[in-house]
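K.L.:
Sequence and predicted structure are below.
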Amino acid sequence: MNFYIMEWYYIVLLVFLGLLLLAVAFVYLFRERIFNWLMATILGAYIISPIDLLPDFIPVAGWGDDLGALIFMIGFIINAIRIGSRNKKEKRSRKILNSSKTN
């Protein structure tokens, strides 16, 4: 009998494609929360970074861009928290509805 044996790089490619498919599915399912936390992280890094669009030694404008980034960062964090609490409320209400249907 002549069995076909896959080369090792085909197996690695299949595993890589499977992991990529799982990553895409994960990002699709949690896209709203991931986007908000990613934007908050990027803005936080911008605030901490010594490199700015407007240097801090310019009296008002230098700190203004950092303040604007801080406000946007807080907004993204609040939005991500709201999405998380909304998902928890939906799960609780589904659980209550399912338990009331069985009674």
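P.N.:
Everything's here; your move.
K.L.:
Show me how far the longest helix belonging to the chain is from its chain's centre.
P.N.:
Criterion DSSP state H: the longest helix present in the chain is helix 61-102. Here helix 61-102 is found 12 Å from its chain centre; the criterion is Cα atoms, centre = their mean, to the nearest Å.
K.L.:
So which elements touch it?
P.N.:
When contacts are defined as 3 or more Cβ pairs under 8 Å, 6 or more residues apart in numbering; DSSP states H and E, helix 61-102 packs onto helix 31-48. Backbone N, C-alpha and C define where each C-beta goes, glycine included.
K.L.:
Only C-alpha atoms, please: export the helix it packs on in CSV.
P.N.:
Only the C-alpha atoms of helix 31-48 are listed here, as CSV (Å, rounded to 0.1, in the frame of the first residue of the first chain):
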residue,chain,number,x,y,z
ARG,A,31,-14.6,43.7,17.5
GLU,A,32,-16.3,46.5,19.4
ARG,A,33,-14.5,45.9,22.7
ILE,A,34,-11.2,45.2,21.0
PHE,A,35,-11.4,48.4,19.0
ASN,A,36,-12.2,50.5,22.1
TRP,A,37,-9.4,49.0,24.2
LEU,A,38,-6.9,49.2,21.4
MET,A,39,-7.7,52.9,20.8
ALA,A,40,-7.4,53.7,24.5
THR,A,41,-4.0,51.9,24.6
ILE,A,42,-2.8,53.9,21.6
LEU,A,43,-3.9,57.2,23.0
GLY,A,44,-2.4,56.3,26.4
ALA,A,45,0.9,55.6,24.7
TYR,A,46,0.6,58.9,22.8
ILE,A,47,0.1,60.8,26.1
ILE,A,48,3.1,59.1,27.8
